[in-house]
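J.: All I have is the shape, not the residue letters:
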């Protein structure tokens, strides 16, 4: 039987909403600091060579094994993007399945239609729209679930800090290739609302 996909495991428990394509393999696993916490950053993709903004999945785990973020840059732009109707419920259900106690202190903010993209195997940029479902938390952070074409969950992130004076994120963005390039001095600093590297 052909395996169509693998899934993220959180503390040993499979989370079937968080897909890792079957032909992706773990190509890097690094420890970095995120808001003072040592986190594990894993990258999955087809080939061993890391090409910035190629098709890949990044998963970040906290020191206690909780999921910090999941970013899947692989989507089928030919599939239909869901409407915003009902996505608050979908997003909340995802959070409840990932961390019920944490989800109890989330508060829905809004839904925005945004765009994501990745470079395919031929180096062509593939762009597609997503629905970004944003929440605040009692701990003062921002959190979200991003739903893409075909109702696929493409992003989950929790505990993102914000600088209100600068109108930008302050939490390190190890799940962003452009941010990492800026951090390493290989690319320009990103404009707000992105975090300074």
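T.: All right, it came through fine. What you see is a predicted model, and the numbers here were worked out from it, not measured in a lab.
J.: mind checking the backbone torsions on the most centrally placed residue in the chain?
T.: Computing the C-alpha centroid of the chain and ranking residues by C-alpha atoms, centre = their mean puts residue 71 first, at 2.8 Å. Dihedral pair for residue 71: phi -130, psi 120, per degrees, to the nearest 10.
J.: pLDDT value on it, please?
T.: If you check residue 71, the pLDDT there is 98.
J.: Give the full set of residues in contact with it.
T.: 57-59, 154-155, 157, 175 (C-beta atoms under 8 Å, 6 or more residues apart in numbering). Every residue, glycine included, has its C-beta placed from N, CA and C.
J.: Now go through those residues and say which are in helices.
T.: Of the positions in the contacts of residue 71, not one sits in helices, assigned by DSSP state H.
J.: Okay, now stretch 166-183: how far is its last residue from its first?
T.: End-to-end distance of stretch 166-183 (C-alpha to C-alpha, to the nearest Å): 19 Å.
J.: List the buried residues in that stretch.
T.: By neighbour count with 16 or more other C-beta atoms under 10 Å, stretch 166-183 contains the buried residues 169, 171-183.
J.: model confidence over that stretch, on average?
T.: Stretch 166-183 comes out at a mean pLDDT of 96.
J.: Could you look up the SS state of the residue nearest to residue 166 when sequence neighbours are not counted?
T.: For residue 166, ignoring the flanking residues on the chain, the nearest one in space by C-beta to C-beta, 6 or more residues apart in numbering is residue 192 at 6.4 Å. When classified by DSSP: H, G, I helix; E, B strand; the rest coil, residue 192 comes out as coil.
J.: And for the closest residue to residue 11 other than its chain neighbours, the neighbour number?
T.: In space, and not counting its chain neighbours, residue 11 is closest to residue 65: 4.4 Å by C-beta to C-beta, 6+ apart. Per other C-beta atoms under 10 Å, the neighbour tally for residue 65 reads 11.
J.: Please tell me how far residue 65 sits from residue 53.
T.: According to C-beta to C-beta, to the nearest Å, residue 65 stands 28 Å off from residue 53.
J.: returning to what we had before: just the buried residues of stretch 166-183: which are in helices?
T.: Those of these lying in helices (DSSP H): 177-183.
J.: circling back: between all of the contacts of residue 71, which two are separated the most?
T.: 57 and 157 (13.6 Å; C-beta to C-beta).
J.: Overlap of the contact sets of those two?
T.: Contacts common to residue 57 and residue 157, judged by C-beta under 8 Å, 6+ apart, are 70-71.
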